[in-house]
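Peer 1: need a structure here:
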Amino acid sequence: MFLEKNLKTLDPGFRRDGLAFREKKNLILKKATQIKLVMFDVQGGLTDRKIYFADNGHEYKAFNAHDGFGIKLLLATGVEVGVITARRSVVVERRMHELGVKHLYQAQEDKQHALKSL
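Peer 2: A predicted model of the protein is given here:
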């Protein structure tokens, strides 16, 4: 259904039951199977862009459970998942460990450099 809705957005004239839909769907699915790695940023990518600090100096972040579910789905299909972030956070390390993310690059001011190291 997601694919159908987005194809309709891209091409308002397409019909679900038409040959054009099946061809587009097959093309998209074929391209999707070529994806080997998906990288995310933490701030604003996997969180609500907020950083919470407690009086004791601890840092808190709010992660969206739907993002976590999506990451689990990617990993289940064999797609590698990685995270690059400019900050260092125990909270991020814990969350990525819980999700099974093996590629975690923290304290990366130059995110392009970290990405190229993969």
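
Peer 1: OK, contacts around the closest residue in space to Arg49 that isn't next to it in sequence?
Peer 2: Spatial nearest neighbour of Arg49, chain neighbours left out: Gln43 (6.0 Å); criterion: Cβ to Cβ, 6 or more residues apart in numbering. Heads up, the C-betas are built off the backbone N, CA and C, glycines and all. Gln43 makes contacts with 49, 51, 85-87, as judged by Cβ atoms under 8 Å, 6 or more residues apart in numbering.

Peer 1: Which residue is the nearest non-sequential neighbour of the most centrally placed residue in the chain?
Peer 2: The C-alpha lying nearest the average C-alpha coordinate of the chain belongs to Phe40 (Cα atoms, centre = their mean; 5.1 Å). Once flanking residues are discounted, Phe40 sits nearest to Val83: 5.2 Å by Cβ to Cβ, 6+ apart.

Peer 1: The one you found belongs to a strand?
Peer 2: Yes - according to DSSP: H, G, I helix; E, B strand; the rest coil, Val83 belongs to a strand.

Peer 1: State the distance from the residue nearest to Arg49 to Asn26.
Peer 2: As judged by Cβ to Cβ, to the nearest Å, Gln43 and Asn26 stand 37 Å apart.

Peer 1: now swap in Gly45 and tell me
Peer 2: Relative to Asn26, Gly45 is positioned 30 Å away (Cβ to Cβ).

Peer 1: do Gly100 as well
Peer 2: Note on Gly100: its distance to Asn26, by Cβ to Cβ, is 30 Å.

Peer 1: just Gly70 next, same as before
Peer 2: 23 Å.

Peer 1: ok, now Val101?
Peer 2: The value you get for Val101 to Asn26, if Cβ to Cβ is used, is 30 Å.

Peer 1: Great, nothing more from me.
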